[in-house]
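S.K.: Structure for this input, please:
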Amino acid sequence: MKQRRNLPTTEKRNPRSTGIDTLSTRAIVDLINSEDQTVPQAVAMQSERIAAAIDLIVARLRRGGRLFYVGAGTSGRLGVLDASECPPTFGVRPSLVQGIIAGGRLALVRSAEGAEDFPADGAAAIDKKRVTERDVVVGLAACGMTPYVRGALRRARDIGAGTIFVTCAPEAVKSAPAEIVINPVVGPEVITGSTRMKAGTATKLVLNTLTTGAMIKLGKVYGNLMVDLRATNEKLRDRSLRIVMEVTGLSRRRARALLARAEGKVKAAIVMHFRQVNLGRSLEILDEHDQMLRPAIAKTEGSQ
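M.R.: I've put the predicted structure just below:
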């Protein structure tokens, strides 16, 4: 099977799946699953760069900056997804982490692949968001060549914003217009060029780690509990209650009363309990400790 040498890895044919259309349903499932198992290891090999990216993001966010994901197609949708999950999970304002997708909101539910072909549009999207040197822009392009994403990254770099590039194509690393390049090489897809598969999975794993790692470093997590979650539905209200019970050791009834006094703020409720203060003072204590719960309650008897 001959292939053009200049094709990016994500566009090459996978020799293991050339006869996939002749296989039984079970064999198709097994083959796809076998290929998927290579993804976590590819991401793990990028751990040092992912850690560096997290530190870059945290440094900018602490200076009052924002985090932007920019992508097209599957990559763009994954960026928007990760950004949209940050407010309920970590209690951050929606503007802190934002997703930009080529083709705009309609491209989230309908293919608009032609929108990715214009680098000037990517640059314009950065200008529209009024990106500054305090912000971080993460470009997402499985194939590494998406003009919209590269245009956005170049514009962000010119402004002085932090720049990160996530791609599954090793051929794109040297020319990537970013400070940090995260390159999980997952190889050719089971269906040639269908980067919604392994490349999409790898991208999702990277994004999960970037925002989760950054939020941990910013004090949004205590132990492995999301103490800054926003309780916007019954499930999350129950989770808030269980977190307070877990950390304080209070009964369900007493934890519910404490949360009510804390106006539903989990982190504040925990400080109120251990420091024996009111809501206003608990918020001041958290500010004094840069919103880090562990040092805010560290000197109190019985704190974890």
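
S.K.: drop to CA atoms for contacts and neighbour counts, all remaining ones
M.R.: Will do.

S.K.: pLDDT wise, what is Arg5 at?
M.R.: Looking at Arg5, its pLDDT is 59.

S.K.: just the helices in the stretch 151-300 of the chain please.
M.R.: Counting by DSSP state H, counting those that start in this stretch, the segments of the stretch 151-300 of the chain that form helices are 198-217, 234-248, 252-261, 266-275, 279-288, 293-297.

S.K.: Out of the ones you listed, which is closest to Ile191?
M.R.: If you check each of these against Ile191 by CA to CA, helix 198-217 wins as the nearest, at 10.1 Å.

S.K.: List the buried residues for that closest one?
M.R.: 198-204, 206-207, 209-216 (16 or more other CA atoms under 10 Å).

S.K.: So which residues make contact with it?
M.R.: The list of residues contacting helix 198-217 from outside it, by CA atoms under 8 Å, 6 or more residues apart in numbering, reads 10, 35-36, 39-40, 42-43, 50-51, 53-55, 57-58, 74-75, 78-79, 82, 86, 90, 140, 142, 166-168, 184, 186, 189, 221-222.

S.K.: Now Gly76: closest residue in space that isn't a chain neighbour?
M.R.: Spatially, and ignoring its direct neighbours in sequence, Gly76 is nearest to Ile101 (4.7 Å; CA to CA, 6 or more residues apart in numbering).

S.K.: which residues does the one you found bridge with?
M.R.: Gly71 (DSSP bridges).

S.K.: show me the contacts for it.
M.R.: So Ile101 contacts 70-73, 76-77, 79-80, 107-108 (CA under 8 Å, 6+ apart).

S.K.: For the residue nearest to Arg60 when sequence neighbours are not counted, which three-state class applies?
M.R.: In this structure, Arg60 finds its nearest non-sequential neighbour in Arg134, 5.5 Å apart by CA to CA, 6+ apart. Here Arg134 is coil, with the state taken from DSSP: H, G, I helix; E, B strand; the rest coil.

S.K.: What is the neighbour count of Arg134?
M.R.: Counted with other CA atoms under 10 Å, residues neighbouring Arg134 total 19.

S.K.: From Pro88, how far out is it?
M.R.: 24 Å (CA to CA, to the nearest Å).

S.K.: now Asp238
M.R.: With CA to CA as the criterion, Asp238 and Pro88 are 14 Å apart.

S.K.: out of these two, which sits in the busier spot?
M.R.: Pro88 (18 against 12).

S.K.: Since that was my last question, I'll sign off now.
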